[in-house]
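> Sequence first, then the predicted structure:
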Amino acid sequence: MSSIEPLERRQPDATSSPSLRLVTTPPARTEASWVADDEQPIELKLGFRQLVLIHRSLQALRTLRLVEPQDVLVADTLQLIEVALEEAV
């Protein structure tokens, strides 16, 4: 993860513009902390625009043939998103 932090002004007058520098920080979690646990479900909240974007991205994967045409996970995810979008309208 990275962030942009302002640097202190070099000159005391207000005419000089502040400088910026990119600061990288280590990730908050490590890969080991993302262990799948079937006993504890994960709740994911997405907005309408986010669902539309995910749906379009999955359709693009199919169109560009980056996944198998009969990929069950992609098909199930698309169907789930379509149902959620229909319920939202």
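Done, it's in. Quantities reported herein were computed from a predicted structural model and do not represent experimental measurements.
> just the helices in this protein please.
Taking DSSP state H to define them, one finds helices in the chain at 48-63, 72-88.
> buried ones in the shortest one?
For helix 48-63, a neighbour-count test (16 or more other Cβ atoms under 10 Å) marks 51, 55, 58 as buried. Any C-beta I mention is one placed from the backbone N, CA and C, and that applies to glycine too.
> which residues touch the first one?
In other words, residue 51. Residues near residue 51 by Cβ atoms under 8 Å, 6 or more residues apart in numbering: 81, 84, 85, 88.
> do that again at 6 Å, thanks
81, 84, 85 (Cβ atoms under 6 Å, 6 or more residues apart in numbering).
> The last one too?
For residue 58, the contacting residues are 74, 78, by Cβ under 6 Å, 6+ apart.
> what do you get if the cut-off is 10 Å, keeping everything else the same?
Residue 58 makes contacts with 67, 71, 73, 74, 75, 77, 78, 81, as judged by Cβ atoms under 10 Å, 6 or more residues apart in numbering.
> Could you double-check that residue 54 lies in contact with residue 77?
Yes - when contacts are counted by Cβ atoms under 10 Å, residue 54 is listed as touching residue 77 (7.9 Å).
> sorry, back to before: return the member of the contacts of residue 58 nearest to residue 47.
Of all those, residue 47 sits closest to residue 81, with 12.4 Å by Cβ to Cβ.
> Please determine how far the closest one is located from residue 48.
Distance, residue 81 to residue 48, using Cβ to Cβ, to the nearest Å: 11 Å.
> Could you count how many residues lie near residue 81?
By other Cβ atoms under 10 Å, 19 other residues sit near residue 81.
> So, low pLDDT: which residues of the chain?
Across the chain, the ranges flagged by pLDDT under 70 are 1-38.
> same thing but 50
Within the chain, the segments meeting pLDDT under 50 span 1-2.
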